[in-house]
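Engineer: Let's see this in three dimensions:
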Amino acid sequence: MAASTHIQYLKGIGPAKAKLFERLEVQTVEDLLHYYPRTYQDRRLGRSPNEYNSDSLVVFKGRVLRTQEIPARSVLIFKAFLEDETGNQVECTWFKKRMYRGFRFDPFGTLKKDFRINQELWVIGKRENKNNFFGNKITVEEHYPANDVLTRLHAGRLTPIYALTEGLTNKQFRQFVYEALQTGTLDSEPEILPPDLLSKRKLLSAPQALKAVHFPNSLAELESARTRLAYEEFLLLATAWGIKRTQTKILAKDYSYQIKKTLLTPFREQLGFEFTNSQKKVINEIFKDLCSPRPMNRLLQGDVGSGKTVVALCAMLLAVENDYQAALMAPTEILAEQHFLTFKRLLAGLKVNVAVLTSSTKTAARKKILKELADGKIDILVGTHAVIQDEVQFRNLRLAVIDEQHRFGVKQRSRLKEKTAKLDLLTMTATPIPRTLALAFYGDLDVSTLSELPPGRQPIQTETATSKLAYDRVREEVQKGRQAYIVFPLIEESEKISAKAVTEEFEKLKKVFPEFRLAILHGQMSQSEKETVMADFAAHKTDILVATPVIEVGIDVKNATVMVIENAERFGLASLHQLRGRVGRGEHESYCILVPQHAGSVARERVDIICATRDGFKIGERDMQLRGPGEILGTRQSGELEFKAGDIFKDKDILYWAIEDRDEILTKDPSLSAPQHLLFKKKLIELYQQDWHLIDLS
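Structural biologist: Residues are numbered from 1 along each chain as shown. Alright, predicted model coming up:
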């Protein structure tokens, strides 16, 4: 059977089940073999059931001594008593919910047929009560006849467990994978890796790895298979980035910049503070890129409060000084609007026209913005994905800034670049990326890092507390003349999500703090309302700002010393860290108080991490370990850059192998035209050429 054969023609599937496989993006036999297990269960014998804890998997092989049916009020119970060759016995239990009083069929007919006296079987299940009076009891999840050839797929081995969709079971899936392996499909599996790399890294062949990843004979064989498959994924990605980087470097800009300082100097003079040495270094790196004959492609990463926005604004002002346009793209309307408000505040008095464009922009305002963009009357456009829509046309766009880079994929970056033939690109992230991730996901970018905070920043004491204790601290600080934020995750109460809502809580808080001036801020307010609320808070016309995460970025009120985050378990690590960064900006000691409600283990771990460290790199890496790189980097939903076999944290050494080997390959054979690289090149084109606009490959 050919690898390209549609999945419906595999034995046992058919058109109906094929539709279930389509939900998993499995359409061919090849897709099925490359759908790797999510995890594995050790179903090998060797331990007595007595050695298992109550929540552990029990694997038992024995012959049936007797069976028993027990009717109960709401359920029917079937029991089978098994004994293994050493004399160990287990009591196996099945439950079937009683649907109605009179059964016209035997609900346990199949079980009674399978569990005939002296029949030898495998049973897999969970231990009931370790210390129960009657001996070993398990609730059975799966059972298999010991003499069936297919039983070896499910019991007595390291058994694959797949992430499935409703309508498919792991038992079925394992048998379909086994059937695919039996058809000879692996005989035609192409070996895309050059022989010298297989030998150098001591890797399994492609057929060996695919067979072993589904049905490994040992942990060592499983690790060898996973290493091979992870290496292949990493090498393909690293090579694509290497080619993309080379292509960027050979492009020539048909425009140039001159540092005129007609806007930069007055901007710097009215800021009211000096740049840090780190900011000066990064600005020089960016200006050097902009003034070079090649397009800039740089990632700017820095912790919360390190001054990325001001650095990016300097770059945009250099573009505007040279009669060019600049654009900043943010992943959400809230972030876009916050950047817009920040730019207006920082650029007050300067002849720079800034506009904001989101999907919520009214029709009349939208038409006006689009016309002024095309006429060149707007110097800086701030927006969301709306910026890359076809109808948005710039007169002279030369610089694009992407905030929260990890929330955008390669496709979206490419769409932005399509707005003009040549474009300087600066991407930013406040979630500092560990070096391995920077190498894997931002391989076409030069990296600049803001490594210090502006002088005068105060350490922020972070702790958990009840709402009452948190509000006591708010009252204490406001009585000293300070200001405070109280943040909630929702605007209005949801029936599905148990979380405090900012609109309802605002009314309650006015009664809690009757002696203070309170204001509310959330994303559904109009732009003018938001501007007024923020201006009043900055001018200390209000004492306590009750808000949603709209204040996550761009807020700089030095007199604010308390950040209370209600329902803290509902925020990601990056958001908690961002919100905490809104205080501690002045000379006064500051506090971040987390108020969790019903925190599970992962949520509690996030809260504990925030309390334990202020290091953005550690927080960013831990966030990725908890949620996975695909979610953090914005690739889980889009399917871009996901690794099926590799783990970016566990497999750092394999990633370094791939980068080292990539460099050697592209140095010797930059066009991948050597015979040993042709299949690898074909796979590279299949994966990346269309979306990444790789050139000179086909």
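Engineer: Just the C-alpha atoms of stretch 179-188, please, in CSV.
Structural biologist: The C-alpha trace of stretch 179-188 is given here as CSV (Å, rounded to 0.1, in the frame of the first residue of the first chain):
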residue,chain,number,x,y,z
GLU,A,179,-2.3,-2.6,10.1
ALA,A,180,-0.6,0.3,8.3
LEU,A,181,2.8,-1.1,9.3
GLN,A,182,1.8,-4.5,8.0
THR,A,183,1.0,-3.2,4.5
GLY,A,184,4.6,-2.5,3.6
THR,A,185,4.1,1.2,3.6
LEU,A,186,7.4,1.6,5.5
ASP,A,187,9.2,0.0,2.6
SER,A,188,8.6,3.2,0.6
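Engineer: Quick check: mean pLDDT of it?
Structural biologist: What stretch 179-188 shows for mean pLDDT is 85.
Engineer: likewise stretch 612-631?
Structural biologist: Stretch 612-631 comes out at a mean pLDDT of 67.
Engineer: got it, and stretch 574-594?
Structural biologist: Here the average pLDDT along stretch 574-594 is 88.
Engineer: Now that stretch - C-alpha only, CSV.
Structural biologist: Presented in CSV, the C-alpha positions along stretch 574-594 are these (Å, rounded to 0.1, in the frame of the first residue of the first chain):
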residue,chain,number,x,y,z
ALA,A,574,3.5,36.5,31.4
SER,A,575,0.3,38.5,32.2
LEU,A,576,1.0,38.3,35.9
HIS,A,577,4.5,39.5,35.4
GLN,A,578,3.3,42.3,33.1
LEU,A,579,0.7,43.5,35.5
ARG,A,580,3.2,43.5,38.4
GLY,A,581,5.4,45.7,36.3
ARG,A,582,2.9,48.5,36.4
VAL,A,583,4.0,49.4,40.0
GLY,A,584,7.5,49.9,41.4
ARG,A,585,8.2,52.7,38.9
GLY,A,586,8.8,55.5,41.4
GLU,A,587,10.8,56.0,44.6
HIS,A,588,8.3,54.3,46.9
GLU,A,589,8.3,50.7,48.1
SER,A,590,5.7,48.8,46.0
TYR,A,591,3.5,45.7,46.4
CYS,A,592,1.9,43.1,44.1
ILE,A,593,-0.8,41.1,45.9
LEU,A,594,-2.2,38.0,44.2
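Engineer: next SSE after the lengthiest helix in the chain?
Structural biologist: In terms of residue count, the longest helix belonging to the chain (DSSP state H) is helix 219-250. As assigned by DSSP states H and E, the chain's next helix or strand after helix 219-250 is helix 264-271.
Engineer: Any buried residues in that next one, and which?
Structural biologist: Buried residues in helix 264-271, defined by neighbour count with 16 or more other C-beta atoms under 10 Å: Leu264, Phe267. From N, CA and C alone the C-beta is placed, and that goes for glycine too.
Engineer: continuing past it, what's the next helix or strand?
Structural biologist: helix 277-291.
Engineer: Check the model's average confidence along that next one for me.
Structural biologist: For helix 277-291, the mean confidence score works out to 95.
Engineer: Direction included, what does the next helix or strand after that helix pair up with?
Structural biologist: Next helix or strand after helix 277-291 toward the C-terminus (DSSP H and E): strand 297-302. Strands that pair with strand 297-302, judged by DSSP bridges, come out as strand 424-429 (parallel), strand 446-450 (parallel).
Engineer: Which residues does the longest one contact?
Structural biologist: Defining contact as C-beta atoms under 8 Å, 6 or more residues apart in numbering, one finds that strand 424-429 is touched by 253, 286, 289-290, 295-302, 308, 312, 315, 319, 398-406, 413, 416-417, 442, 445.
Engineer: Output it as CSV, nothing but the C-alphas.
Structural biologist: Extracted C-alpha coordinates of strand 424-429, given in CSV (Å, rounded to 0.1, in the frame of the first residue of the first chain):
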residue,chain,number,x,y,z
ASP,A,424,12.7,47.0,8.0
LEU,A,425,11.2,44.8,10.6
LEU,A,426,11.6,45.1,14.4
THR,A,427,9.8,42.5,16.5
MET,A,428,9.5,42.8,20.3
THR,A,429,8.7,40.5,23.2
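Engineer: got the angle between it and helix 219-250?
Structural biologist: On the basis of axes from the mean of the first three to the mean of the last three C-alpha atoms, to 10 degrees, strand 424-429 is oriented at 140 degrees to helix 219-250.
Engineer: Hey, what's the angle from strand 424-429 to helix 277-291? Just curious.
Structural biologist: Angle of strand 424-429 versus helix 277-291, following the same axes, to 10 degrees, is 150 degrees.
Engineer: From the chain's centre, how far out is strand 424-429? Work that out for me.
Structural biologist: Chain-centre distance of strand 424-429: 19 Å, with C-alpha atoms, centre = their mean, to the nearest Å.
Engineer: just to revisit the earlier point, counting by contacts, list what the longest helix of the chain packs against.
Structural biologist: Contacts defined by 3 or more C-beta pairs under 8 Å, 6 or more residues apart in numbering; DSSP states H and E place helix 219-250 against helix 206-214, helix 435-441, helix 652-668, helix 678-684.
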